[in-house]
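Asker: Quick one: sequence plus predicted model below, questions after.
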Amino acid sequence: MDAKRELFESSIVPSPAQYDVLLPPGYDTSDKTYPLLYWLHGGGGPEMPANFLGLQAPRLNALWLDESLSEMVVVTPHCGVFPNNYLDFPDGSRHWERHIASELLEHLRTKYRIAQNRAGTFISGVSMGGLGALTIGLKHLGTFAAIVAYEPQISGTFDKPDGYPEFYTQDFHDQNQPANIVRDKPDAIRESGVQIYFECGCRDELGFFMGTNLLHNTLLANNIHHEYKYVYGAGHVDESFEWRVTDGLAFLERAIHPPVMNTPPARTLSGADQMATDMTAFLKSRWDEIL
């Protein structure tokens, strides 16, 4: 199927608001309720370099056809260009975050046969959209069950970047930078069980790997499980993106249908000292055998 463009009246972003929607092949002939995947576009907007969701439609249809990805309704909201960054602007002129997490979501749940709960609601995005997916997903833990972010536009430090407008204070940065959000509320994120996937090319021309490395290390430091790929040789939206997208969707499929694994219970932070003691004893025993 092809992506379709829809309009609806909004009270919190420029109206009429627009979004593109891709319905799975079986949608019109079934009464099934489908998961919802938000797929947020990058900083060039939904038409840069061509229809964003339209470009992804053949890949999604192929994955649905061979049953490597669960059928779902995929939606790309039109949220302007960089530096809108999917933010709620303090001056009240734009509320992109609230639009996606509340207003548009309520509209979609009324118009389409999609999940009415967190378990079937996911958010993803590319570049500026990857930033939006992480920021919105981490701030609305009761709304989204999984986050998939490709080469997200994350700053490389906890400090606010230079060159931003006066309203973009350090406090505003703390509220909207993914690594800062993790730093400031790790317990809530860990306990929510939100599933997190993000990646970035090691040759990303915009240097976004510095931000993704910061986010990865912040998640690690706070014992928050996630999957991160620092992709060898890859740049920003280059030919490698063709297979990188599929990797992220494979993670999403595992989030929807977790593989059966006979794994030991995860160690908590309180068990870290015991793990270190056990490893020390193991290494000593092996050295004693060969010396």
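Answerer: Received the coordinates, thanks.
Asker: residues touching Ser240, list them.
Answerer: 201, 231, 233-234 (C-beta atoms under 8 Å, 6 or more residues apart in numbering). For glycine as for every other residue, the C-beta is placed from the backbone atoms N, C-alpha and C.
Asker: my bad, Gln18
Answerer: Contacts for Gln18 were tallied using C-beta under 8 Å, 6+ apart; they are 5-7, 46, 77-78.
Asker: what are the phi and psi angles of it?
Answerer: Geometry field for Gln18 lists phi and psi as phi -120, psi 150, criterion degrees, to the nearest 10.
Asker: So Pro14: helix, strand or coil?
Answerer: coil (DSSP: H, G, I helix; E, B strand; the rest coil).
Asker: For Ser93, see how far away it is.
Answerer: Applying C-beta to C-beta, to the nearest Å, the value for Pro14 to Ser93 is 9 Å.
Asker: got the residue ranges for the helices in the stretch 1-150 of the chain?
Answerer: In the stretch 1-150 of the chain, the helices defined using DSSP state H, counting those that start in this stretch lie at 52-65, 96-98, 104-111, 128-139.
Asker: Adding distance to Glu253 and mean pLDDT, write those out as a markdown table.
Answerer: As requested, the helices of the stretch 1-150 of the chain are arranged in a markdown table below (distance: least, C-beta to C-beta, whole Å; pLDDT from 0 to 100):
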| stretch | distance to Glu253 | mean pLDDT |
| --- | --- | --- |
| helix 52-65 | 9 | 93 |
| helix 96-98 | 27 | 96 |
| helix 104-111 | 21 | 97 |
| helix 128-139 | 17 | 97 |
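Asker: Packed most tightly, which of the ones you listed would that be?
Answerer: helix 128-139 (a mean of 28; mean count of other C-beta atoms under 10 Å).
Asker: Now that Arg5 has come up, it's in contact with Asp20, right?
Answerer: Yes: with contact defined as C-beta atoms under 8 Å, Arg5 reaches Asp20; the gap is 5.5 Å.
Asker: So those two - more neighbours on which side?
Answerer: Neighbour count, other C-beta atoms under 10 Å: between Arg5 and Asp20, Asp20 has more, with 24 against 14.
Asker: Only the buried residues of stretch 199-211, if you could.
Answerer: 199-201, 204, 206, 208-209, 211 (16 or more other C-beta atoms under 10 Å).
Asker: Keep only those of these that are in strands.
Answerer: Secondary structure from DSSP state E places 199-201 of these in strands.
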